[in-house]
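Engineer: For reference, the sequence and a predicted model appear below.
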Amino acid sequence: MLNSLTKQRQKLKQVLTSKSLLKALLKLITLTGVGTMGRILFQNIPSVEPLLALAIISSYYGGIEYAISIAIAYYSSNFFMLGGQGPWGAFQFLGTLLAGILAISFKNKEKSPLLPLIFGTAIFEICANSSWIFTTGITSFIISFVPAIPYFIVHLTSTLGFGALFKRINIKRIIRGKKIEKDIPFNSRNPIVGDFPATGK
């Protein structure tokens, strides 16, 4: 994982010193803006939002700059949410950033972003719910995870759904900006799980 992050830091340094800086920034701004608007539009549906899925998918294909950018967007978007900004904002930022970093660490191990989406959502939920320590104390914090389970399930389902949508619109090509070959056949009925190769091949 450390080697992967070192490579990502080197890649980020190259991006910042290359002629394609403006193009890279435009991609970051566009994807971040789309994800932020999606979160605002879906705010009336608890735990349903596209920003976390975008953070994981774009980090998986793009790198650490996407994890940082979208984590900042997640924090900033709270100012436009009905609940406003609060102590949970910093924990949501941390959860989004860690989910993106996790996706990067999976890049060379998994052909599909399925596992990063699952574990990334779990990490985000743990971090986000940790903000309750400051208002309820450690005992109530631990107990609070039980009623949070249904929200986790909904959030995981929405993250997988938005992840499938981002795969369908070929976000990999949008991020990398060039024609790419699909690693393995794509299952149109199940875009994420369909990334895994068939058994025995």
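Structural biologist: Received it, and whenever you're ready, just let me know what you need. Numbers count the residues shown, from 1 in each chain.
Engineer: Looking at residue 188 now. What's its pLDDT?
Structural biologist: At residue 188, the model reports a pLDDT of 41.
Engineer: can you list the weak-confidence ranges in this protein?
Structural biologist: Confidence mapping of the chain against pLDDT under 70 gives the ranges 1-5, 8-21, 133-144, 178-201.
Engineer: so what's residue 120 up against?
Structural biologist: 52, 55-56, 98-100, 102-103, 159 (CB atoms under 8 Å, 6 or more residues apart in numbering). C-beta: built from backbone N, CA, C; applies to glycine.
Engineer: and the closest residue to residue 53 other than its chain neighbours, helix, strand or coil?
Structural biologist: Of all residues not flanking residue 53 in the chain, residue 162 sits nearest, at 3.7 Å (CB to CB, 6 or more residues apart in numbering). The three-state label given to residue 162 by DSSP: H, G, I helix; E, B strand; the rest coil is helix.
Engineer: on that earlier part again, the contacts of residue 120 in helices, which ones?
Structural biologist: Those of those mapping onto helices are 52, 55-56, 98-100, 102-103, 159, per DSSP state H.
Engineer: Taking those, please make a ChimeraX selection of just the buried ones.
Structural biologist: In ChimeraX, this line selects whichever of the ones in helices among the contacts of residue 120 come out buried by 16 or more other CB atoms under 10 Å:
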select :52,55,56,98,99,100,102,103,159
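Engineer: Thanks a lot, see you next time.
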